[in-house]
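# Provided below for reference: sequence and predicted model.
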Amino acid sequence: MSYEGLTNADFSPEDSAMVVSTRIRVGRNLDGYPLGPGVTKEQRLEIMDKVTAACSTFEGELAGKFYSLEGMTKEDQEKLVGDHFLFKRGDRFLEACNLNRDWPSGRGIFHNEHKTFLVWVNEEDQLRIISMQQGSGIKEVFQRLSTAATEIEKIAKFSHDEHLGYITSCPTNLGTALRASVHIKLPKLSKNKDQFNEIAAKYHVQIRGIHGEHTETDDGIFDISNKRRLGRSEAELVQDMIDGVHAMIEAEKAIPDPAKPEAAVVAEAAPVAAPEAVPEAAPEAVPEAVPEAAPETGPEAPAAEAPAAEAVEAPVAEAPAAEAPAGGE
């Protein structure tokens, strides 16, 4: 398994903030042994011994400790449960196919000191190799997984077929048996199911709730993983996931935020200045009456006596009646 050749695997700070965590795992079974439903108790213990021997060679960031489920101390059990590392006895389907026989004999967990790398021994498959970390560091996660799987196979050879790829208990994992996933915040895109599913189909990725297969989510965080397993290399399937996640991030960013009501800002109206009073024009002065000119008297004409003018009394204008107030009190 090679981690080389990934493209567009880096994310901008803005896009990285949307990715909660990254996890890539592969299922593997050992060459020369039956699958879990057919393996004997003694063979299961041999498998565990080979895997623990391989893990003991790890150095640097892969170095860690193996915990056997049989005889595990309460302290170790609580620690592994708190880290969400401890796998449980299989469900009714694994029970029905005899994968739970001799539980918990021959089962165990290895994890490194940084808790970014795990190996489950004799769960559904004989090995479940897992690399993970917070954030969007897909290249680092994939490189860690590839390096560890290569080191394990130096001691414990994996079961592989040229046509079917790696042999696994579940037929849907045949091929690479690889699942690369991120937990990502997509609150707006998730409300448009058609667009969400269209992007997933285009890039061959699967949408799940963050609590596992067939689970729902109500917080806008989703598990996005590659859908294909068979007929592609591990790097090609990780690339499927990378391309799908980038497309979903772009779609999420293109959707406008729900309209937020703007705070109503009431501008205080400036008092309107009352217009300056325009002084009333003084009433025009009535021109003084010009006395009529006395008729010219002819020479030695006797003066005509003017008739006495009747005094005309000017009518007195009545004051208008005061208007009653409008409406009743």
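Good, I have the coordinates.
# what ranges do the helices span in the stretch 51-200 of the chain?
Applying DSSP state H, counting those that start in this stretch to the stretch 51-200 of the chain gives helices spanning 74-82, 92-96, 138-153, 193-202.
# Reformat those helices as JSON lines; add mean neighbour count and distance to residue 223.
The C-beta positions use only the backbone N, C-alpha and C, and glycine is treated the same way. Supplementary listing: the helices of the stretch 51-200 of the chain in JSON lines, determined by neighbours: other Cβ atoms under 10 Å; distance: least, Cβ to Cβ, whole Å:
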{"stretch": "helix 74-82", "mean neighbour count": "12", "distance to residue 223": "21"}
{"stretch": "helix 92-96", "mean neighbour count": "12", "distance to residue 223": "21"}
{"stretch": "helix 138-153", "mean neighbour count": "20", "distance to residue 223": "14"}
{"stretch": "helix 193-202", "mean neighbour count": "14", "distance to residue 223": "12"}
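# Return the set of buried residues in the longest helix belonging to the chain.
Secondary structure of the chain per DSSP state H: the longest helix is helix 234-254. Residues 234-245, 247-249, 251-252 are the ones in helix 234-254 that count as buried (16 or more other Cβ atoms under 10 Å).
# ok so, going back, residue 165 is nearest to which of the helices of the stretch 51-200 of the chain?
Set against residue 165 and scored by Cβ to Cβ, these come closest in helix 138-153, at 13.8 Å.
# Would you mind measuring from residue 123 to residue 43?
15 Å (Cβ to Cβ, to the nearest Å).
# Those two: which has the busier surroundings?
residue 123 (21 against 17; other Cβ atoms under 10 Å).
# picking up where we left off before, for the helices of the stretch 51-200 of the chain, please prepare CSV with the additional fields distance to residue 258.
Listed next are these as CSV, based on distance: least, Cβ to Cβ, whole Å:
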stretch, distance to residue 258
helix 74-82, 37
helix 92-96, 42
helix 138-153, 30
helix 193-202, 17
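# Lowest average confidence across those, which one?
Out of the helices of the stretch 51-200 of the chain, helix 74-82 stands lowest, with a mean of 88 (criterion: mean pLDDT).
# What is the distance between that helix and the centre of its chain?
Centroid separation for helix 74-82 versus its chain: 32 Å, with Cα atoms, centre = their mean, to the nearest Å.
# tell me which residues form a beta bridge with the most centrally placed residue in the chain?
Nearest to the mean C-alpha position of the chain, by Cα atoms, centre = their mean, lies residue 185 at 2.3 Å. Here residue 185 sits in beta bridges with residue 221, as judged by DSSP bridges.
# where does it land on pLDDT?
97.
# any low-confidence regions in the chain?
Counting by pLDDT under 70, the ranges of the chain that qualify are 211-217, 259-329.
# change it to 50
Applying pLDDT under 50 to the chain flags the ranges 262-270, 272, 274-275, 278, 282, 285-329.
# Kindly list the longest strand within it.
The residue-count maximum for a strand in the chain (DSSP state E) belongs to strand 19-28.
# what's that strand packed up against?
The helices and strands touching strand 19-28, judged by 3 or more Cβ pairs under 8 Å, 6 or more residues apart in numbering; DSSP states H and E, are strand 127-134, helix 138-153, strand 165-166, strand 178-185, helix 234-254.
# next one: it to chain centre, how far?
Counting by Cα atoms, centre = their mean, strand 19-28 comes out at 19 Å from the chain centroid.
# neighbouring strands for it, and are they parallel or not?
By DSSP bridges, strand 19-28 pairs with strand 127-134 (antiparallel), strand 178-185 (antiparallel).
# Can you lay out those strands as TSV showing distance to residue 71?
TSV is the format used below for the strands paired with strand 19-28 (distance: least, Cβ to Cβ, whole Å):
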stretch	distance to residue 71
strand 127-134	21
strand 178-185	31
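# which parts of stretch 159-167 are buried?
Of the residues in stretch 159-167, those buried (16+ other Cβ under 10 Å) are 159, 165-167.
# Ok, stretch 220-237 next?
Neighbour counts over stretch 220-237 (16+ other Cβ under 10 Å) mark 221-227, 229, 232, 234-237 as buried.
# between these, which is closest to residue 151?
The nearest one, if we look at those relative to residue 151 and count by Cβ to Cβ, is residue 234, at 15.9 Å.
# I'd guessed that closest one sits against residue 4; true?
No - the criterion here is Cβ atoms under 8 Å, and residue 234 misses it with residue 4 at 10.6 Å.
# how about residue 181, what does it touch?
22-24, 223-226, 241 (Cβ atoms under 8 Å, 6 or more residues apart in numbering).
# Which strand residues bridge it?
With DSSP bridges as the rule, residue 181 is bridged to residue 23, residue 225.
# For it, give its distance to residue 144.
15 Å.
# Same question for residue 249.
For residue 249, the distance to residue 144 - Cβ to Cβ - is 24 Å.
# Could you dump the buried residues of stretch 220-237 into JSON lines with distance to residue 207 added?
Below are those laid out as JSON lines (distance: Cβ to Cβ, whole Å):
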{"residue": "221", "distance to residue 207": "11"}
{"residue": "222", "distance to residue 207": "6"}
{"residue": "223", "distance to residue 207": "8"}
{"residue": "224", "distance to residue 207": "6"}
{"residue": "225", "distance to residue 207": "9"}
{"residue": "226", "distance to residue 207": "12"}
{"residue": "227", "distance to residue 207": "10"}
{"residue": "229", "distance to residue 207": "17"}
{"residue": "232", "distance to residue 207": "20"}
{"residue": "234", "distance to residue 207": "21"}
{"residue": "235", "distance to residue 207": "22"}
{"residue": "236", "distance to residue 207": "20"}
{"residue": "237", "distance to residue 207": "16"}
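# If anything else comes up later, I'll come back, but that's it for now.
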